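>>> Sequence plus the predicted model coming up.
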Amino acid sequence: MAYSAAGLIRVGGGSGAALWMYRTADAIATINTSGYFNDAANMLNVRDLIIVQDTNAPTTNFVTVLSNTGSVVDVSDGTAVAETDGD
């Protein structure tokens, strides 16, 4: 699939880095490819944190914006959130 603007919601942040939530059916390997968030280049800043929820898996990852040239956005590989319940 491709980036969907409807899935990206800003949930916090003032004058510093912003916090975003992104829900998608795309796997993290697709999302962390350079250029995935290009259509959001005017909103995302370097060091912004995006909480990515894969609605298929389900998995959650934290990614940060590593670079943004104004047209090309690259995010980190992602840090998986453990979603286990051991009780």
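Arrived safely.
>>> low-confidence ranges in this protein?
Along the chain, no part satisfies pLDDT under 70.
>>> Report the central residue of it.
The centroid of the chain falls nearest to I50 when counting by Cα atoms, centre = their mean (3.9 Å).
>>> beta partners for it?
In this entry, I50 is beta-bridged to W20, V63, by DSSP bridges.
>>> Wait, it touches V63, no?
Yes - counting by Cβ atoms under 8 Å, I50 touches V63, with 5.0 Å between them. For every residue, glycine as well, the C-beta is placed using N, CA and C.
>>> Identify the contacts common to those two.
V75 (Cβ atoms under 8 Å, 6 or more residues apart in numbering).
>>> what are the ranges of the helices in this structure?
Ranges of helices in the chain, per DSSP state H, are 28-31.
>>> Distance-wise, check I28 relative to G13.
22 Å (Cβ to Cβ, to the nearest Å).
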